[in-house]
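Sequence and predicted structure, then a few things I'm wondering about:
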Amino acid sequence: MAGIKRDIYLFLFGLAVLLAAVYNLLMYQSYTIGMIETEKYAFNYEIALLEREFLQTGEVQSQNRETFQVYSNFDAVPKQYQNAINWQNLAADELGEAVIPAQGEQANQYLYGLKHRLYNSDTTVYIVSQYDEALLALLYEDDPPQDHNQFLAITAGVLVLVAFIVVRILVFRITKPVLMLSTWAKDLDITNPPKPQSLRYHEIDFLYQQLKLGIEKQQEANRKEAFFLRTASHEMRTPIATVSASVELLQRLTEQLPDSAKRAVGRISRSTENMKNLTTTLLWLARSSEGKTSAEKSEAEYISLTSIDLAEMVEKAFVAQQSVFTDKEVELVLDNAEAEVLAAESEALVSIVVTNLLRNAVQHTVGHVIDVSLSQRQLVIENDAEPVGEHNPADSLDVNQTSFGIGLYLVEKICANRGWALTFTQTDNRFRVSVKFS
């Protein structure tokens with residue numbers, strides 16, 4: 001994508017070169033026209049002298065100089081001049097030009113002809129001026145005419161240089177506020193906005209105001225979301241604690257309960273634990289969205305870091321999903337040969353990630369096997385899936401939403417906040433998701 005600075009340089013520099021070329025052309029034309037006009041005025045001067053003598057004497061004075069020959073009628077004009085210049089088509093006081101080719105030792109002859117009607121007279125005189133090319137060459141050799149090309153080239157170069165300096169200043173003035181706004185946009189610090197005078201142009205200031213307004217609206221929405229999550233999570237902690245206490249009481253009485261009731265108590269216990277982890281995660285996310293200080297406080301207040309046996313957590317989470325999706329016969333194939341114990345990680349956050357990913361794998365698989373591999377600090381879950389776009393071409397445009405559902409929101413938020421690498425891919429009939437716990 002082209003930049004503003006480059007376009008300004010190209011357009012204005014091209015304009016400068018064009019102006020310099022036009023200037024050179026005009027100067028050359030001016031020089032050429034000046035030479036022609038000088039020659040014409042020399043003719044006019046001689047004609048004025050001729051008319052003055054004619055008014056004084058009443059006769060046309062014969063002039064036989066090579067550079068100024070006067071003939072009182074056309075028949076008196078030498079044949080070579082009559083044939084060289086098209087006198088019939090030559091208007092009065094129009095300067096005609098011709099060249100008599102070299103003959104023998106005689107060089108080319110440059111002819112200029114003009115017919116003029118004398119003032120207050122019916123007499124038309126024919127004037128011829130002849131120049132010998134060889135003689136002109138000798139004169140040019142002894143005293144060459146001034147060469148204006150060097151002057152024109154220097155002038156054009158100066159014009160281009162001045163134009164370049166002006167363009168450089170213009171580019172600096174235009175791009176400086178844009179770069180300043182771009183630098184500010186990287187941090188999006190509303191408390192430290194750029195000074196209005198530094199933006200210089202009202203269009204850029206308008207862009208800044210729109211950007212600032214959008215950021216303020218987004219921040220307000222984030223604050224409302226964080227407030228809702230924090231409030232809702234706090235409100236849920238009390239009923240969850242009540243349910244948890246009741247479950248503990250029931251677990252003490254499990255020996256007196258039938259097997260179906262024991263299984264129900266187990267499901268309630270696992271669901272309660274999941275709700276505790278979910279509440280803790282929501283509170284942590286709400287605090288994290290409020291800024292660095294709140295994030296540090298939330299980490300100390302809501303999550304505790306401990307060592308986690310990831311293989312054991314995966315097995316427990318899978319058993320919990322089997323109790324939910326009772327209509328599916330799904331088997332877990334766990335490869336934990338290279339698994340490591342996760343040190344200094346939040347059990348609640350890791351549990352939320354593992355549980356959501358396994359639940360979605362069990363829910364959306366079209367096969368009967370969920371492959372889970374653990375290598376060092378990485379978790380990989382694979383399951384069979386419907387080919388992309390088999391039923392609806394639009395499915396391939398939103399694979400993650402189709403495969404994950406709403407749980408992806410929490411998984412993405414947790415991974416982004418903790419710096420864990422979350423990736424997911426889908427081939428024709430295989431879905432794969434991996435989490436790298438950094």
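Now that the structure is in, tell me what you want to look at.

can we go C-alpha only for contacts and neighbour counts from here?
OK.

just the strands in the stretch 301-438 of the chain please.
With DSSP state E, counting those that start in this stretch as the criterion, the stretch 301-438 of the chain has strands at 305-308, 331-339, 342-346, 369-376, 378-384, 421-426, 430-436.

Please point out which parts of the third one sit buried.
Of all the residues in strand 342-346, those buried under the rule 16 or more other C-alpha atoms under 10 Å are 342, 345-346.

The longest one too?
Within strand 331-339, the residues that qualify as buried are 332, 339, counting by 16+ other C-alpha under 10 Å.

ditto for stretch 270-287
270, 272-287.

where does residue 413 sit relative to residue 217, distance-wise?
20 Å (C-alpha to C-alpha, to the nearest Å).

what's the closest of the buried residues of strand 342-346 to residue 367?
Nearest to residue 367, judged by C-alpha to C-alpha, of the buried residues of strand 342-346 is residue 342 at 30.1 Å.

Now do the contacts for the closest residue to residue 419 other than its chain neighbours.
Nearest in space to residue 419, with sequence neighbours left out and distances taken as C-alpha to C-alpha, 6 or more residues apart in numbering, is residue 438 at 6.7 Å. By C-alpha atoms under 8 Å, 6 or more residues apart in numbering, the residues touching residue 438 are 377, 419-421.

For residue 438, give its distance to residue 74.
109 Å.

Compute the number of surrounding residues for residue 357.
Using other C-alpha atoms under 10 Å, residue 357 has 23 neighbouring residues.

Likewise for residue 426?
Residue 426 has 20 nearby residues by other C-alpha under 10 Å.

close enough to count as contact, it and residue 432?
Yes - assessed by C-alpha atoms under 8 Å, residue 426 is found in contact with residue 432 at 6.2 Å.

can you give me the helices in the stretch 101-250 of the chain?
133-142, 149-187, 196-199, 202-252 (DSSP state H, counting those that start in this stretch).

what about the shortest one, average pLDDT?
Looking back up the chat, that one is helix 196-199. What helix 196-199 shows for mean pLDDT is 62.

same question, the longest one
Average pLDDT, helix 202-252: 81.

picking up where we left off before, between the buried residues of strand 342-346, which is closest to residue 251?
The closest of the buried residues of strand 342-346, once distances to residue 251 are taken by C-alpha to C-alpha, is residue 346, at 26.3 Å.

what bridges to the closest one?
residue 305 (DSSP bridges).

just checking, it touches residue 310?
No - under the criterion of C-alpha under 8 Å, residue 346 makes no contact with residue 310, lying 11.7 Å away.

what's the domain layout of the protein?
As given by automatic domain parsing, the domain ranges for the chain are 1-59+146-187, 65-132, 201-298, 304-390+397-436.

Residue 138: which of those domains is closest?
That would be, of the domains of the chain and by C-alpha to C-alpha, domain 65-132, which comes in at 10.2 Å.

just how off-centre is the closest one within its chain?
On the basis of C-alpha atoms, centre = their mean, to the nearest Å, domain 65-132 is displaced by 68 Å from the centre of the chain it belongs to.

can you tell me the average pLDDT over that domain?
86.

same thing with stretch 168-178?
For stretch 168-178, the per-residue pLDDT averages 79.

Relative to the whole chain's centre, how far out is that stretch?
That offset, for stretch 168-178, works out to 17 Å (C-alpha atoms, centre = their mean).

buried stuff in that stretch?
Buried residues in stretch 168-178 (16+ other C-alpha under 10 Å): 168, 171, 174, 177-178.

now the contacts of residue 438 in a markdown table, with distance to residue 234 and pLDDT?
Converted to a markdown table, these look like this (distance: C-alpha to C-alpha, whole Å; pLDDT from 0 to 100):
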| residue | distance to residue 234 | pLDDT |
| --- | --- | --- |
| 377 | 32 | 88 |
| 419 | 26 | 90 |
| 420 | 27 | 92 |
| 421 | 29 | 94 |
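
about what we covered before: dump the domains of the chain to TSV, plus distance to residue 140.
Converted to TSV, these look like this (distance: least, C-alpha to C-alpha, whole Å):
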stretch	distance to residue 140
domain 1-59+146-187	10
domain 65-132	12
domain 201-298	59
domain 304-390+397-436	82
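
For residue 139, which of these is the nearest?
Checked against C-alpha to C-alpha, the stretch from these lying closest is domain 65-132, at 10.8 Å.

Quick one: end-to-end length of that closest one, please.
Domain 65-132 end-to-end distance (C-alpha to C-alpha) = 13 Å.

In ChimeraX, how would I select the buried members of the contacts of residue 438?
In ChimeraX, the members of the contacts of residue 438 classed as buried (16+ other C-alpha under 10 Å) are selected with the following command:
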select :377
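
Spatially, which two of the contacts of residue 438 are the most separated?
Maximum distance among those (C-alpha to C-alpha): 13.0 Å, for 377 and 419.

Now do the shared contacts for those two.
By C-alpha under 8 Å, 6+ apart, the residues touching both residue 377 and residue 419 are 437-438.

which helices and strands sit right next to the helix or strand encompassing residue 276?
Using DSSP states H and E, residue 276 maps to helix 259-288. With contacts defined as 3 or more C-alpha pairs under 8 Å, 6 or more residues apart in numbering; DSSP states H and E, helix 259-288 has these neighbours: helix 202-252, helix 292-302, helix 310-324, helix 347-364, helix 407-418.

at 6 Å instead, please
helix 202-252, helix 292-302 (3 or more C-alpha pairs under 6 Å, 6 or more residues apart in numbering; DSSP states H and E).
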